[in-house]
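Visitor: how would this look folded up:
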Amino acid sequence: ERIEEVLGKYRFRDVGQAYRNLMSLTEERIRFLSTRRCRHFLAAIAPQLLAAIAETADPDSTLVNLDQVSSSLGGKGVLWELFRFNPPSLRLYVELCAYSPFLSGILTGNPGMIDSLMDSLVLDKLPTREGMGRTLAELCRAAEDPDPILQSFKNDLQLCVGVRDILGRDDVQATTGALSDVAESCLAEIAAREEERLVARFGQPSCGMVILALGKFGGREMNYHSDLDVIFLYEADGETAAGVGTTQGTTNQHFFSELAQRIIKTASRRSGYGRLYEVDARLRPTGKSGALATSFDEFVRYFHGGGGQLWERLALCKTRVVYGSPRAAEAAMAAVAEAALAHPWRAEDTAEIRRMRRRLEETAAAAGDLKRGPGGIVDIEFLVQTRQLKHASENPRLRVSNTLAVLAELEQAGLLAKDDYEFFNRSYRLLRTIEGRLRLMNSTARDKLPDDPVELTKLARLLRYSSGSALLADYDTATRETRRRFEQAFQVAGFVEAD
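Guide: Just a heads-up that it's a prediction; the model follows:
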C-alpha cells in the first residue's frame with residue numbers, strides 16, 4: 001500500500017514493476033562496489049529522478065530503459081553522485097533513456113562513454129572535420145586492427161552529436177554536417193590505410209584516386225543510420241611503378257578497383273564491434289556489375305555519349321570529393337560539372353522530372369512520409385536540383401551540394417523569390433529535424449511519422465512540441481504549403497508542361 005501511495009503519483013501503469021526496477025537501481029552489480037553507498041546517493045536524487053521520469057511520454061518504459069542502461073555502466077553510485085551535483089545531467093540522462101534507444105544503445109554497448117555523455121554538456125561547439133581527422137589518425141597510428149578504434153570513434157562522436165541535438169545546441173545543418181564529417185573521417189582513414197597496403201603489393205600508381213560522395217553524404221546532410229553513397233574515380237589509365245619489395249605491377253584501373261573493393265569491405269563488414277557504415281557504390285557509370293573504379297575520361301564520356309540519364313545528372317548535383325589530393329579533387333569536380341551539364345536543358349526534361357517525382361510519390365507510405373510524400377523533402381530537393389541543372393552552366397556559384405546552401409544561392413541570384421526562399425528554408429529544416437529525431441528513436445520506419453500515439457508523443461517531446469497533435473498540425477501545414485509552392489515555382493519558371 002505504501003508503494004502504491006508513493007509511486008502512484010508518478011504515472012506508472014504497473015506500480016509493482018516500477019518498484020522492482022527502482023530497487024534494481026539501488027544495487028551495484030560489481031562485487032567490490034558498495035550497494036550501501038549506491039542507495040545513499042540514489043535516495044538523495046530519488047524525488048528529482050522520479051519527477052523527471054513522470055514527465056516523459058511513457059514513464060514505465062523510461063524506467064525500464066534507465067535500469068538497463070545504468071546496469072550496463074557499472075558503478076551506479078558514481079552516476080547518482082554525479083547527478084546530485086549536476087541536475088542538468090540527470091534530466092538529459094532521463095530524456096535519453098525515454099526517447100532515444102539509438103543513443104542509449106551506444107551507452108549500453110560502450111559503458112566507458114558515460115564520460116562522453118557528460119562532456120557533451122560542456123562542449124562549446126562540435127569538432128571540425130580537420131580536428132576529427134587528426135584525432136582519428138593519431139588513434140589509429142600503428143594499430144594492427146583499426147576496427148574497434150573506428151567503431152569507438154564513430155560511436156563517441158555520434159553520441160556527442162546526438163546529445164547536443166536533443167538539447168537543441170545545434171541547428172539541423174550543423175548536426176547533419178557533423179555526422180557527415182564523422183563518416184568522411186572514417187572513410188578517409190580506411191582509404192589511406194588500404195592504399196598504403198596496396199602500394200606495398202603493386203607499387204605506386206601513376207595517378208591518384210578520389211572518392212565522390214553523393215546523396216546525403218555528398219550534401220553533408222547525413223542522418224543517424226545513413227548509408228554512404230560513393231563513386232570511385234581515378235585520374236587516368238596507366239600502370240603502377242613496381243618497386244623494391246612489391247610482388248608485381250598492375251594497371252591503374254586494377255589497382256584502384258581493388259582499393260575500392262577493400263574500402264567497401266572494411267567499412268561495411270559486420271564484426272564483433274558492429275558495422276561501421278553501409279557503403280553503396282551502385283551509382284557508378286559502369287553499374288553494379290562493372291568495375292568499381294572509373295577513369296575521369298570514361299566518366300565524362302559516359303554522360304556525353306548519352307549513357308547518363310536525367311536522374312543520374314540530378315544525383316550529380318549532390319556530389320563532393322571526400323578523399324583525394326587537392327589537385328585530383330579539383331579535376332574530379334570539373335569532370336562532375338562537365339558530366340552533369342553535358343546536355344543543355346530541354347523542355348522534355350521537365351516532363352521527365354514530373355514523372356520521376358510521381359513515381360517516388362507512389363512508393364511513399366500512405367501518410368506521414370517525410371521524404372517521398374506530397375510536400376516532403378524530395379519536393380524541395382527536386383526543385384533545387386532542377387534549377388541547378390538549368391542555370392549552373394552560367395552561374396558556377398550554384399555548383400554546391402548542400403540543399404540549404406543552394407537555396408541561398410538561388411535567392412541571391414534572383415532565381416528564387418525571397419518569400420519562397422524563406423519558406424523552403426524553414427520547411428526543409430523542419431522536415432529534416434523531424435527525420436533526425438525519428439532516427440534517434442531508432443524507428444524502423446525512419447522517414448515516416450509514427451502511427452502509434454505513444455510513439456508520436458515521444459517524437460513530439462523530442463522536438464519540444466506540447467503534444468503529438470501540435471506536431472502533426474505543423475507538419476501538415478508545412479507539407480501542404482511546400483507542395484503548393486513547389487507546383488507554383490515550376491509553373492512560373494516554365495519548368496512544367498501542361499498535363
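Visitor: Could I get the contacting residues of residue 273?
Guide: Going by Cβ atoms under 8 Å, 6 or more residues apart in numbering, residue 273 touches 147, 148, 151, 152. (C-beta placed from N, C-alpha, C; glycine too.)
Visitor: If we ignore the residues flanking it in sequence, what's nearest the residue nearest in space to the middle of the chain?
Guide: With distances taken as Cα atoms, centre = their mean, residue 223 lies nearest the centre of the chain, 2.0 Å away. Nearest non-adjacent residue to residue 223, counting by Cβ to Cβ, 6 or more residues apart in numbering: residue 439, 5.1 Å away.
Visitor: secondary structure element for the one you found?
Guide: If you go by DSSP states H and E, residue 439 is part of helix 418-440.
Visitor: ditto for residue 194
Guide: Using DSSP H and E, residue 194 maps to helix 172-202.
Visitor: Run through the neighbouring helices and strands of that helix.
Guide: helix 129-140, helix 147-167, strand 209-214, helix 215-218, strand 228-234, helix 252-268, strand 320-323, helix 418-440 (3 or more Cβ pairs under 8 Å, 6 or more residues apart in numbering; DSSP states H and E).
Visitor: which stretch among the ones you listed comes nearest residue 308?
Guide: strand 228-234 (12.3 Å; Cβ to Cβ).
Visitor: quick one: secondary structure of the closest residue to residue 396 other than its chain neighbours?
Guide: Nearest residue to residue 396, sequence neighbours excluded (Cβ to Cβ, 6+ apart): residue 337, at 7.9 Å. With DSSP: H, G, I helix; E, B strand; the rest coil as the basis, residue 337 sits in helix.
Visitor: list the contacts for residue 337?
Guide: 392, 396, 399 are the contacts of residue 337 under Cβ under 8 Å, 6+ apart.
Visitor: And the pLDDT for it?
Guide: Looking at residue 337, its pLDDT reads 93.
Visitor: ok, and the most crowded of the contacts of residue 273?
Guide: When neighbours are counted by other Cβ atoms under 10 Å, residue 151 leads the contacts of residue 273 with 19 neighbours.
Visitor: So that residue is in contact with residue 276, correct?
Guide: Yes: using Cβ atoms under 8 Å, residue 151 makes contact with residue 276 at a distance of 6.1 Å.
Visitor: would you turn the helices and strands packed on helix 172-202 into JSON lines with mean pLDDT and distance to residue 41?
Guide: Shown next, in JSON lines, are the helices and strands packed on helix 172-202 (pLDDT from 0 to 100; distance: least, Cβ to Cβ, whole Å):
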{"stretch": "helix 129-140", "mean pLDDT": "95", "distance to residue 41": "34"}
{"stretch": "helix 147-167", "mean pLDDT": "92", "distance to residue 41": "23"}
{"stretch": "strand 209-214", "mean pLDDT": "97", "distance to residue 41": "47"}
{"stretch": "helix 215-218", "mean pLDDT": "96", "distance to residue 41": "43"}
{"stretch": "strand 228-234", "mean pLDDT": "96", "distance to residue 41": "43"}
{"stretch": "helix 252-268", "mean pLDDT": "95", "distance to residue 41": "42"}
{"stretch": "strand 320-323", "mean pLDDT": "97", "distance to residue 41": "46"}
{"stretch": "helix 418-440", "mean pLDDT": "96", "distance to residue 41": "29"}
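Visitor: Tell me which of these lies nearest to residue 449.
Guide: helix 418-440 (7.6 Å).
Visitor: Kindly export the next helix or strand after the closest one (C-alpha atoms) in PDB.
Guide: Under the assignment DSSP H and E, the closest C-terminal helix or strand after helix 418-440 is helix 453-462. Provided in PDB are the C-alpha atoms of helix 453-462 (Å, rounded to 0.1, in the frame of the first residue of the first chain):
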ATOM      1  CA  PRO A 453       0.000   7.700 -30.300                       C
ATOM      2  CA  VAL A 454       2.600   7.000 -27.600                       C
ATOM      3  CA  GLU A 455       5.500   6.900 -30.200                       C
ATOM      4  CA  LEU A 456       4.100  10.100 -31.800                       C
ATOM      5  CA  THR A 457       4.100  11.800 -28.300                       C
ATOM      6  CA  LYS A 458       7.700  10.700 -27.800                       C
ATOM      7  CA  LEU A 459       8.700  12.200 -31.100                       C
ATOM      8  CA  ALA A 460       6.800  15.400 -30.200                       C
ATOM      9  CA  ARG A 461       8.600  15.700 -26.900                       C
ATOM     10  CA  LEU A 462      12.000  15.200 -28.600                       C
END
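Visitor: Can you name the residues in contact with the helix or strand just after helix 453-462?
Guide: On the C-terminal side of helix 453-462, the nearest following helix or strand under DSSP H and E is helix 468-492. With contacts defined as Cβ under 8 Å, 6+ apart, helix 468-492 is touched by 350, 368, 373-376, 379-380, 382-383, 386, 416, 420, 423-424, 426-427, 430-431, 434, 449, 453, 456-457, 459-460, 463, 465, 495-496.
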